[in-house]
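Asks: below are the sequence and a predicted model for it; my questions follow.
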Amino acid sequence: MIVLAARSVIVRNGLGATGLRDIAAEAGVSVGTVTYHFGSVAEILNEVVVLETERFYGAIVAAVDAEPDPATALRMLVEPLFDDSEEVRQHWRIWSDYWTAVARRPEVAEEYAERIRVWEACLVRVIRRGVDAGTFDVASDGIDPSVVALKLAAYSDGVATQIAQNAPGLTNAVALTWMWEFLSQQLGVVLG
C-alpha cells in the first residue's frame, strides 16, 4: 500500500518533491507507519522501481520468452517502450527519477540491480536465440549479445529522456524508428 502510494506521488510530483509525509498522506497512514517499514524515500523508491518493473515488464517478458521467432520477440520487447500512452509516460518518469537518485548515490541500487534489469536480461536472451537460429548476425562481428543489450538499454533510456523533455521533432514513432535502425545495424538484419 505504501509503495503504491509512493508511486502515485512520485509520478504526480516527481521524486524531488516527494517526502515521507506526502507518501503517508497518499497511503492514508501515519508517517510513523511509513518509517516503520521504510528508512527513507530512497528505500521506498527502490521498491517503487521493483514494482514498476514487475508491472510494466512482467507480461511483456513472459510473452517474449514464449515467442519462438526472435525477430518478432524483439519487436514485442521494444515497441512497448515507445507507445504513446500515459502508462508509458509514467513509466519513464519513474525511471528518470530513479536514475537521478542512483547517480547521486550508486549504492542505493546495488542490491536491486538483478530485480530491475529484467528487460535487458530478456533482450540478451532474445538476441542469443536469434544468433543461435541464424536470424541475427551478431556473432560474426564478435559482438556479445549482452553488450548489444546494454547499448540498446542506454540508447532507449536516453531517447526516452529526450522525449520527456519535448525535444523538437522527436516523437515516440521517430524514437521507435531509431531503435530499429540501431538494432538493424547491430544485429545485421532489417527490423521495423
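Replies: On my side now, so go ahead. It should be emphasised that the depicted structure is a prediction, and the values quoted were computed from it without experimental measurement.

Asks: quick one: classify N166 as helix, strand or coil.
Replies: Using DSSP: H, G, I helix; E, B strand; the rest coil, the three-state assignment for N166 comes out as coil.

Asks: so how far is W92 from it?
Replies: Distance of N166 to W92, computed by CB to CB, to the nearest Å: 13 Å. Quick note: C-beta positions are derived from backbone N, CA and C, even for glycine.

Asks: between the two, which one's more packed in?
Replies: Legend: neighbour count by other CB atoms under 10 Å for N166 and W92, higher for W92 (19 against 7).

Asks: my guess is the more buried one contacts V159. True?
Replies: No - using CB atoms under 8 Å, W92 is not in contact with V159; the gap is 10.0 Å.

Asks: give the next helix or strand downstream of the helix or strand where Q90 lies.
Replies: Following DSSP states H and E, one finds Q90 within helix 86-104. Using DSSP H and E, the helix or strand that follows helix 86-104 in sequence is helix 113-116.

Asks: output the helix or strand following that next one as CSV, nothing but the C-alphas.
Replies: Sequence order places helix 118-133 as the next helix or strand after helix 113-116, per DSSP H and E. Presented in CSV, the C-alpha positions along helix 118-133 are these (Å, rounded to 0.1, in the frame of the first residue of the first chain):
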residue,chain,number,x,y,z
VAL,A,118,14.7,-7.8,-16.4
TRP,A,119,14.1,-6.0,-19.7
GLU,A,120,17.8,-6.0,-20.6
ALA,A,121,18.2,-9.7,-19.4
CYS,A,122,15.3,-10.7,-21.7
LEU,A,123,16.8,-8.8,-24.6
VAL,A,124,20.1,-10.7,-24.1
ARG,A,125,18.1,-14.0,-24.2
VAL,A,126,16.3,-12.9,-27.4
ILE,A,127,19.5,-11.9,-29.1
ARG,A,128,21.2,-15.2,-28.2
ARG,A,129,18.2,-17.1,-29.6
GLY,A,130,18.4,-15.1,-32.8
VAL,A,131,22.1,-15.7,-33.1
ASP,A,132,21.6,-19.4,-32.5
ALA,A,133,18.8,-19.6,-35.0
